[in-house]
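Visitor: Below are the sequence and a predicted model; questions follow.
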Amino acid sequence: MKKTIYATLFSLAGIVLVPSFAFADAPEKTDGFVCPVLNETVGANNPNAFAISDGDYSLFPGGTPNTISVPELATNADGAGSPGGAHAKPGDSDYTAIWAE
């Protein structure tokens, strides 16, 4: 009997909580492209890599930048990173290989 009561309470809690996740606001989106940051050692030895600022290198997977729609804060330096300027690198808390356009 005790197990039945717990199972019923657990099920009711699940029913109440599920809609709150389903109706959450979608994150703001931005157009972006994938462009990983490579250090000089790796980038200088990769014929497909090109130089970006701060002595770093990058490359476009597949050879060309493909525009994608991503959540705004999923981009390099939370949307503030620029391949030609200040940007986050691997190991930084706000690093991602996705850049805002």
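Guide: The structure has been received and is ready for your questions.
Visitor: can you pull the contacts of the spatially closest residue to P36 that is not a sequence neighbour?
Guide: With Cβ to Cβ, 6 or more residues apart in numbering as the criterion, P36 has its nearest non-adjacent residue at 3.9 Å, and that residue is A97. Just so you know, the C-beta spots here come from the backbone N, C-alpha and C atoms, and that holds for glycine as well. Neighbouring residues of A97 by Cβ atoms under 8 Å, 6 or more residues apart in numbering: V34, C35, P36, V37, N76.
Visitor: Closest one of these to P65?
Guide: Closest to P65 out of the contacts of A97 is C35 (6.8 Å), distances taken as Cβ to Cβ.
Visitor: if I pick the residue most central in space within the chain, what's in contact with it?
Guide: Among the residues of the chain, the one closest to the centroid is A74, at 3.5 Å (Cα atoms, centre = their mean). Each residue near A74 by Cβ under 8 Å, 6+ apart is listed here: G32, T96, I98.
Visitor: Just the buried ones from these, in ChimeraX syntax?
Guide: Here is the ChimeraX selection string for the buried members of the contacts of A74, based on 16 or more other Cβ atoms under 10 Å:
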select :32,96,98
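Visitor: Secondary structure and pLDDT added to the contacts of A74, as CSV?
Guide: CSV is the format used below for the contacts of A74 (DSSP: H, G, I helix; E, B strand; the rest coil; pLDDT from 0 to 100):
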residue, secondary structure, pLDDT
G32, strand, 89
T96, coil, 93
I98, strand, 92
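Visitor: Pick out the least confidently modelled helix or strand of this structure, by mean pLDDT.
Guide: helix 2-22 (a mean of 57; mean pLDDT, DSSP states H and E).
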